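1. what's the 3D shape of this:
(one chain, ligands or ions: 1)
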Amino acid sequence: MNYTKCWLDYKPIPENLRRPCYYEPVLLASGRVAETAAEEYCISMSEMLDEPVEMRRGEPVDEPAVYLEVEEELQTAETDAALDRQTFVIRGEEDNIIITGKSEEALLQGVFAFTRMVYLGEIDEKLPFFCTPSTPLRMMDHWDDMDGSIERGYSGRSFFYDDYEMMYNERIEMYARLMASIGTNAITINNVNVHEKETFLITDVYLQQVKQYAELFARYGIRLYTSVNFAAPMQLGGLTVCDPLDPDVVAWWEKTVKHVYEVIPEFGGFLVKADSEGRPGPFTYGRTHADGANMLARALAPYGGTLVWRCFVYNCGQDWRDRQTDRARAAYDHFMELDGKFDDNVILQIKNGPMDFQVREPVSPLFGGLKKTNMMLEVQIAQEYTGQQIDLCYLIPMWKEVLAFDIGGDGTAVSHVVCGIAGVINTGDDENWTGNDLAAANLYGFGRLAMDQTLSAEQIANEWSRLSLSREDDVTDTVVPMLCGSWATYEKYNAPLGIGWMVTPHTHYGPDIDGYEYDRWGTYHRADLHGIGVDRTGVGTGYVEQYNEPWRSRYADQATCPEELLLFFHYIPYTYELKTGKTLIQHIYDTHFEGVEEVEAMKKQWEGLEGKISERSFACVKDRFARQLENAKEWRDRVNTYFYRKSGIDDEKGRTIYK
Ligand code: GCU
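-> Prediction:
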C-alpha cells in the first residue's frame, strides 16, 4: 500500500476486467489539461494492467482503442453554461471506448471516472455514462496558516507552508491529483483568518510561489483562490482606513488585483471572512457587507475573478444573561436585507447550519430566504466538533440531508439554490493525509457528492472502501455499515437532541457541559433543574420566523418539531415524553449508554479485519477506535452525571451513573 496515494493507489486488476482497448489509448485533443488527462490515464492504467501503457496522439488507430477527446459541440440538455462545459460522456463503440469532454477539464474528469470504473469493475454496467456535475463550483478551503500550523487541523501540519515559506514538492503534486480525481475545481490555499504574514500572499513577497501552485492546479483544471484580509490596504498600503467606499481603498485593491492577474492570469479570486470573530470588515465604517463584497468583486471582475464572501457573521461578545440575542439568527439578520444588492461575481458562502458545524443543527434558513443572490454551501470536512479525526464520524449522510432539505417549503431543496459547495478540508502532512485513515472517506465523499448528488452515502462509502482498503466483499461489508452508522453513534454520546456544544472550550474535543455556558460566544444550552433547551419560537428568540412554511410552524410546535432538533428549538422539561414513549431524561441516559456500546462494537468489528487490509491502516484505525472509546465513555459519564445532578432523576435501568 502506498499511503500517500489514498484512493488512487491502483493495483493490478484481474484478467476478466481487462479489455484490449485499454492498452491502446489515443489522445485526440490538445492543451495543458488534456495532457494531464492523458498522463492520468497512463499512470492509472499502467498500474491496473501491470505494464507500461503509452498514449498515442493525433490519429485514430486500426486496433481497439480508448479515445480521449474534447468535443465542444457535444449535445447536452444542460442550460447552465458553467455546468454544460463540465459535461463528459464515456461510451462504448464497437471494441473502442470514447471518453469525451465538452472541455479539457471535463475530459480529465471523464478519465478519472473511467479509471475508477475500470478498477471497480463497473464498465459493463455503467456505459454509456453521462455526467454533468451536480454543481458548478466544488471548492476546498484550507485553514492553513503560513507558520505551518492548521487552524482546526487534525492530521499534522500544513504541507503548503513551513515557517512562512511556501513549499513545493511531490506531495503537493500528489495532492493536486487527489483533489482533481474527486472533482475539485477550486482551492483556497490559506485560512479565512488572515494573519499578518498571510496578508502578503497577494503581493510580490509570495506571488511567484503562489503562481507555482496556481499553475500546478491549473494543469488539473483547478483554480486557486486566496483568503484576503479586508484591512490589507491599511496593513500593506499604508492607508488609514479600509472603508470600501473610500476611493483610495478602491484604487488600492484595483491596483493589487491587477498585479495578481498579471502574474497569475488564471487566478480564481478571493475568499473573505469579514466582521467575524475579530476580523476587520465594512461595519467599522458603517458600510454593509454588500458594499464590502462588491468593492472587491469589482476589482476582480475585469479578469473574470470570483469573490466568495462568508456569512459567518455574529456577535461573539455576548452576555450569557441576555436571552434575547440569539447567535442562530445572526447570518439571516445580517444578510437578508442585502438580497439582490450583490454583484454577479459575488457568492455568499453559508455554513450548513446557523451555529457552527455541530453534530446536529437545522439547515440555515438563509438558503430559503435569499432569492436574488448567489449562494454556496459551506461544510466542514475537518471534524472540529465531530471527533477531530480520532472518532469516526462519516459526514456524507449529514451533507446529503442538508442538500436535499426542502428549504423553500415548496420542494425547493438547498441543492437547487446553491451554485457551489465548499468544504473546510481535513488534510495535513500526516502520511495518510487525514490522521485517521477512515477520515479520508469524508474527503473523498465530499468531492464525489459535490460531483454527483444522486450518489447515496452507502455508494460513496462502498467506492471509497474498495478503492482505498480492499476490493474484497468481507472488508466492504464491515466498513460500509460502520461508516454509515458512525454519525448516528457520535451523536448519541454527544450533546443531546440538537442542542450542540457542551465541548471543551477552544480545543473542541471531549465534553465540558458548561464549558461555554457562561461564555461570550452565544452557545448556551440553558439547562436547569427542570429541563434544558433554547426557546427559539416566537415567544423566545424568534429564530423560527426565519424559516419558510411549513418549517416555521413545524419547528415552533413541540409536537411537530423533529425530535432530533427538539432542544435546539425548545426548552423541554426532563419529564417530557418523547415519541418513543421515553422521557427526555431517560432518552439522554439511554442514548449515552448506547453510544458507548456502539463504539465498542465498531472497535471489535474493526479488529476482525486484521490481515485483510494493510497493516498500517489496520493499526492506525485500531488505535483511533481505542481513543474514541475513551472519549465516548467520558462523554457518557459527564453528560449522564450532569443531568442526574440537575434533575435528581434516576436511570430507570439502574445503570452506573456517577453521582
Ligand atoms: C469556528 C472555528 C474557528 C473558525 C471559524 C470560522 O468558529 O472554531 O476556528 O475560524 O469557525 O469558520 O471562521
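
2. which bits of this protein sit near the ligand?
-> Neighbours of the ligand within the chain, by Cβ under 6 Å from any ligand atom: 151-152, 192-193, 273, 277, 312, 356, 384. Every C-beta, even on glycine, is put in place using the N, C-alpha and C of the backbone.

3. repeat the analysis, applying 5 Å as the threshold.
-> Counting by Cβ under 5 Å from any ligand atom, the chain comes close to the ligand at 151, 312, 356.

4. the second one contacts residue 331, correct?
-> Yes. Taking contacts as Cβ atoms under 8 Å, residue 312 lies within contact range of residue 331: 7.0 Å.

5. for these two, indicate the residue with more neighbours.
-> More neighbours surround residue 331 than the other of residue 312 and residue 331, with 25 against 19 (other Cβ atoms under 10 Å).

6. quick revisit: overlap in contacts, residue 312 and residue 331.
-> Shared contacts of residue 312 and residue 331 (Cβ atoms under 8 Å, 6 or more residues apart in numbering): residue 351.

7. which residues of the stretch 201-350 of the chain fall in strands?
-> Residue ranges of the strands in the stretch 201-350 of the chain, as given by DSSP state E, counting those that start in this stretch, are 223-227, 269-272, 306-310, 346-351.

8. let's have these in CSV, adding mean pLDDT and mean neighbour count.
-> Formatted as CSV, those follow (pLDDT from 0 to 100; neighbours: other Cβ atoms under 10 Å):
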stretch, mean pLDDT, mean neighbour count
strand 223-227, 98, 24
strand 269-272, 98, 26
strand 306-310, 98, 26
strand 346-351, 98, 25
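
9. how about the ones you listed, which one is nearest residue 526?
-> Minimum separation from residue 526 across these (Cβ to Cβ) falls at strand 346-351, 22.4 Å.

10. next, format the residues of the chain next to the ligand as a markdown table and append pLDDT.
-> As requested, those are arranged in a markdown table below (pLDDT from 0 to 100):
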| residue | pLDDT |
| --- | --- |
| 151 | 98 |
| 312 | 98 |
| 356 | 98 |
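
11. those in helices, which ones?
-> Judged by DSSP state H, helices contain none of these.

12. contacting residues for the residue lying closest to residue 21 once chain neighbours are set aside?
-> Nearest residue to residue 21, sequence neighbours excluded (Cβ to Cβ, 6 or more residues apart in numbering): residue 64, at 3.9 Å. Going by Cβ under 8 Å, 6+ apart, residue 64 touches 19-21, 24, 94-96.

13. which of those are buried?
-> Buried members of the contacts of residue 64, counted by 16 or more other Cβ atoms under 10 Å: 19, 21, 24, 96.

14. pretty sure the second one is in a helix, no?
-> It refers to residue 21. Yes. Checked against DSSP: H, G, I helix; E, B strand; the rest coil, residue 21 lies within a helix.

15. pLDDT at it, what is it?
-> At residue 21, the model reports a pLDDT of 98.

16. picking that back up, does the residue nearest to residue 21 belong to a helix, a strand or coil?
-> Under three-state DSSP, residue 64 falls in the coil class.

17. for residue 95, see how far away it is.
-> Distance, residue 64 to residue 95, using Cβ to Cβ, to the nearest Å: 4 Å.

18. anything in contact with each of the two?
-> By Cβ under 8 Å, 6+ apart, the residues touching both residue 64 and residue 95 are 19-21.

19. now do the contacts for the closest residue to the ligand within the stretch 351-500 of the chain.
-> Closest to the ligand within the stretch 351-500 of the chain is residue 356: 5.0 Å, counting by Cβ to the nearest ligand atom. Applying Cβ under 8 Å, 6+ apart to residue 356 gives the contacts 312, 385, 523.

20. re the thing from before, from the buried ones among the contacts of residue 64, pick the one nearest residue 508.
-> residue 19 (49.8 Å).
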